[in-house]
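# just need the structure, nothing else, for what follows:
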Amino acid sequence: MDSEGVLMPLVHEHLMMPWNDVRKGDCCGFLEAISDGYYCKGCDFFIHKKCIDEPSEYIKHPSHPDHTLQLLSEGRRYCDLCGRNISEGDLFYHCGICDFYLDLYCAKYPPPEVIDVSNKHHHKLTLHKVQTKFNCDAKCGKITESAEFPYVCLKCELAFHVDCVWRPSEPEYPSEVNHSYHPLHPLKSLTGQLPDYSDGKCRLCTRKIDERFRLFYHCSPCNFTLDIRCVLNQPQKSLLKLKAHDHQLTLLPRLLKFTCNACGLKGDRSPYICVQCDFMIHQGCLDLPRLININRHDHRVSRVSLLGVVNSVCRVCRNKVDWTCGGFSCQRCPDYVVHSKCATRKDVWNGKELQGVPEETEDTEPYVVIDDNTIQHFSHKHHLRLHDNGVLCDDNKRCSACTHPVCLQPFYGCMDCDFILHQNCAGFPRVKWHVLHNERLTLVTDKADLFGCAACGRFSNGFRYQHGDKTFDVRCGSISEPFSHPSFHDHPLYYISQVGGIKRCNGCNEKGNDVLRCIEDDCKFVLCFKCATLPQVVKHRVDDHPLSLCYDEDATGEYWCDICEKETNPTKWFYTCKDNQSSLHTKCVLGNFSNLMPRSTIEDRNASYEVVLNSSVSRPFCSSCKLHCIFPIILKMLGTSDEYFCSLKCLKQDEVIDCNTVKPPPTLSWISNEETTCAIQ
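Down below sits the predicted model:
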């Protein structure tokens, strides 16, 4: 197998290695007997060589002769030849004029309109081009999870999966093999469930049997099982992997409990070993990278064979690290260590090996200090002067970065115009890493268009951290670990993904995946990014004094919101006034447009809107809900005198779709003998 990676920008964004495997290809979704292909380990992305060798970005296809088709990978539709759903990330060809879709397999092997397969059925079968849910009469046992095109027999009123009658879903393999790692007895092919005495794993690669396929090979006297991959593509008995170890490694194909020297995790079978060094390593750790960036740290981290930091904690999962084993560490920060498996997770690492790649050295500082009270910020042409005594919540004095008012906080004000930055916002670095994205983000300041924050979901038109199509407002984008919140919670919070499933936020009582969590054993405090970035002090017309964010049952009056005149829930955070006599919903105090800069203009669909402060004596009526606008910031449609919208719900009211008008895919009960028309039941 070649060791050099290849880059195929039409297919995948990362470097891919030549690879032999027997699994369904992410290119076409099918299992192929020919297993040569390419693999991206960071994304667990495998494609068949036959599907993507010399792929053409544009093709002419006989199934759609009028227009050229373009190769794409983003979209979710079904193939117009076989009816099979095109999964997110799969490659396909598309005609933008006719909205015609063609999956990669059908582009090479289009299903015939009529087939004669006497070994499957004694009549000719016709491809029924209506997306349909049906029970396959081939008795294949496969569950049709979504509608697709069947082959049908009009005489017998039968329907078959395309795979079951035209192309096999699995290649044919020998019933018995002799394998070099088990010379005592031949291995026999089995399908279905393993014997009860088996542990359900392949002896060589440790993968669970039947995770992707039903076929495996087994020796009953020895309780020795191999999956189809290890039968067709045997692991090398000895190899020299200098990236993993300095000496030659030998595969020990037996059940053996050990601790991997590369990652510190336990193993129970078939390690590669170096007897000279008493070194053992998982097969999956042989290709660990040497030097990488992770989204939890500003510096590069490098793999070391011995961490050597006693009582250390992994900075990703926050669990203890075995300091006598290998892992990743930062050369600039001696106590920063990460488990090998944690550092190379696809939600932490972008899959790029940086050994031999010069480190980026551009300036990340956002401003130049002129004197003790004056700076030159990269986003503004004039000097900014520090005002450290704050201002009492002036809605007209707003930070250009976060768009929130200056409210009892130090800020920098322009000496020549009305440009303002909070002192904290002025210090946000020009580039940074973020726990919710594994590419480095850039601080964008020269755009004023509307965007949605990928962390909290709020809309804004202030500064943003951005990479590609991933965008965060500066409040969410500036969150780093450990995160301390000024609430009553005394412990730092961390982002630990995929642990324990969906969590409920202590601030809003809503469920979410992307949350900050306390790692103390006896504490279950969880905070979503939206609540973590709520302003601590705000001003609202409902009270003459600033309102403070309240984290507990501190209100002494009734739990009643004076803005919407509805009951409040004391288990959710709310805003309260100086004397704690009210509890105001956070959504009522802020509204949907609190992150938009007043007096700016935004575009939405085919209309333009001015962002307006709702500060007049008489509140305007919303053009959608026909009620007085209660929120502090609203939108006014340009070109009109009094067309206002108070919320996103009102703005999108015209786009609401009646779900009762959307019909599910048809179910095939029988086919007419006269024509291929399905009956809907």
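
# Gln536: neighbouring residues, count only.
15 (other C-beta atoms under 10 Å). The C-beta positions use only the backbone N, C-alpha and C, and glycine is treated the same way.

# so it is in contact with Ser548, correct?
Yes: using C-beta atoms under 8 Å, Gln536 is in contact with Ser548, at 6.8 Å.

# just give me the neighbour total for the residue lying closest to Leu252 once chain neighbours are set aside.
Counting by C-beta to C-beta, 6 or more residues apart in numbering, the nearest residue to Leu252 once its immediate chain neighbours are dropped is Ile273, at 5.3 Å. If you count neighbours by other C-beta under 10 Å, Ile273 ends up with 19.

# run me through the strand neighbours of the host helix or strand of Ile273, direction for each.
Taking DSSP states H and E as the definition, one finds Ile273 inside strand 272-274. Sheet pairing of strand 272-274 (DSSP bridges) gives strand 249-251 (antiparallel), strand 279-281 (antiparallel).

# right, and those strands - which one's nearest Ser302?
Nearest to Ser302, of all those, is strand 279-281, at 17.6 Å by C-beta to C-beta.

# now do that closest one: everything it contacts.
Residues from elsewhere that reach strand 279-281, judged by C-beta atoms under 8 Å, 6 or more residues apart in numbering: 244-245, 247, 249, 258-262, 267, 271-274.

# just how off-centre is that strand within its chain?
33 Å (C-alpha atoms, centre = their mean, to the nearest Å).

# with stretch 305-325 instead?
Counting by C-alpha atoms, centre = their mean, stretch 305-325 comes out at 27 Å from the chain centroid.

# give me the contacts around it.
The contact list for stretch 305-325 (C-beta under 8 Å, 6+ apart) reads 245, 259-264, 294, 296-297, 326-327, 329, 334-339, 342-343, 345, 348, 481, 494, 496, 519.

# what's the end-to-end length of it?
6 Å (C-alpha to C-alpha, to the nearest Å).

# helix or strand with the lowest mean pLDDT in the chain?
When each helix and strand of the chain is scored by mean pLDDT, DSSP states H and E, helix 49-52 comes last, with a mean of 72.

# can I get the CA coordinates of that helix in CSV?
Output of helix 49-52 as CSV, limited to C-alpha atoms (Å, rounded to 0.1, in the frame of the first residue of the first chain):
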residue,chain,number,x,y,z
LYS,A,49,-11.2,3.7,-6.5
LYS,A,50,-13.5,2.7,-9.3
CYS,A,51,-15.9,5.4,-8.4
ILE,A,52,-13.6,8.4,-8.2
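
# that one: what's the following helix or strand?
Remark: after helix 49-52, the chain's next helix or strand is strand 58-61, criterion DSSP H and E.

# okay, helices next: where are they in the chain?
Applying DSSP state H to the chain gives helices spanning 49-52, 104-108, 162-165, 228-232, 340-343, 423-426, 474-477, 529-532, 586-590, 648-651.

# which one of these is the most hemmed in?
Compared across the helices of the chain, helix 474-477 shows the largest average neighbour count, a mean of 26 (mean count of other C-beta atoms under 10 Å).

# what's opposite Cys274 in the beta bridge?
Applying DSSP bridges, one finds that Cys274 bridges with Phe279.

# neighbours around it, how many?
17.

# ok, it touching His245?
Yes: counting by C-beta under 8 Å, His245 is a contact partner of Cys274 at 5.8 Å.

# got a list of what the spatially closest residue to Glu520 that is not a sequence neighbour touches?
What sits nearest to Glu520 in space, not counting adjacent residues and going by C-beta to C-beta, 6+ apart, is His491, at 5.3 Å. Contact analysis of His491 by C-beta under 8 Å, 6+ apart lists Cys518, Ile519, Glu520, Cys523, Phe525.

# in ChimeraX, how would I select the buried members of those?
Applying 16 or more other C-beta atoms under 10 Å to these, the buried members can be selected in ChimeraX as follows:
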select :518,519,525
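
# tell me the two of the contacts of His491 that are most distant?
So, the contacts of His491 by C-beta to C-beta: farthest apart are Ile519 and Phe525, at 9.9 Å.

# filter the contacts of stretch 305-325 to the buried ones?
245, 260-264, 294, 296-297, 326-327, 329, 336-339, 342-343, 345, 348, 481, 494, 496, 519.

# circling back to that earlier point, now the contacts of His491 as a markdown table including pLDDT?
Listed next are these as a markdown table, based on pLDDT from 0 to 100:
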| residue | pLDDT |
| --- | --- |
| Cys518 | 88 |
| Ile519 | 86 |
| Glu520 | 85 |
| Cys523 | 83 |
| Phe525 | 87 |
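
# when you check the contacts of His491 against the strands, which ones overlap?
Those of the contacts of His491 mapping onto strands are Cys518, per DSSP state E.

# so what's Tyr272 up against?
Contacts for Tyr272 (C-beta under 8 Å, 6+ apart) come out as Leu239, Ala244, Leu249, Thr250, Leu251, Leu252, Met280, Ile281, Gln283, Leu286.

# which among the residues you listed count as buried?
Among those, the ones that count as buried by 16+ other C-beta under 10 Å are Ala244, Leu249, Leu251, Met280, Ile281, Gln283, Leu286.

# pLDDT score assigned to the third one?
What it means is Leu251. Leu251 is assigned 92 on the pLDDT scale.

# what residues does it make contact with?
Leu251 makes contact with Leu204, Pro235, Gln236, Lys237, Ser238, Ser270, Pro271, Tyr272, Gln283, according to C-beta under 8 Å, 6+ apart.

# JSON lines please, covering the residues you listed and showing distance to Cys577 and pLDDT.
Conversion of those to JSON lines gives the following (distance: C-beta to C-beta, whole Å; pLDDT from 0 to 100):
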{"residue": "Leu204", "distance to Cys577": "68", "pLDDT": "90"}
{"residue": "Pro235", "distance to Cys577": "69", "pLDDT": "84"}
{"residue": "Gln236", "distance to Cys577": "72", "pLDDT": "86"}
{"residue": "Lys237", "distance to Cys577": "76", "pLDDT": "89"}
{"residue": "Ser238", "distance to Cys577": "75", "pLDDT": "89"}
{"residue": "Ser270", "distance to Cys577": "67", "pLDDT": "92"}
{"residue": "Pro271", "distance to Cys577": "65", "pLDDT": "93"}
{"residue": "Tyr272", "distance to Cys577": "67", "pLDDT": "93"}
{"residue": "Gln283", "distance to Cys577": "63", "pLDDT": "88"}
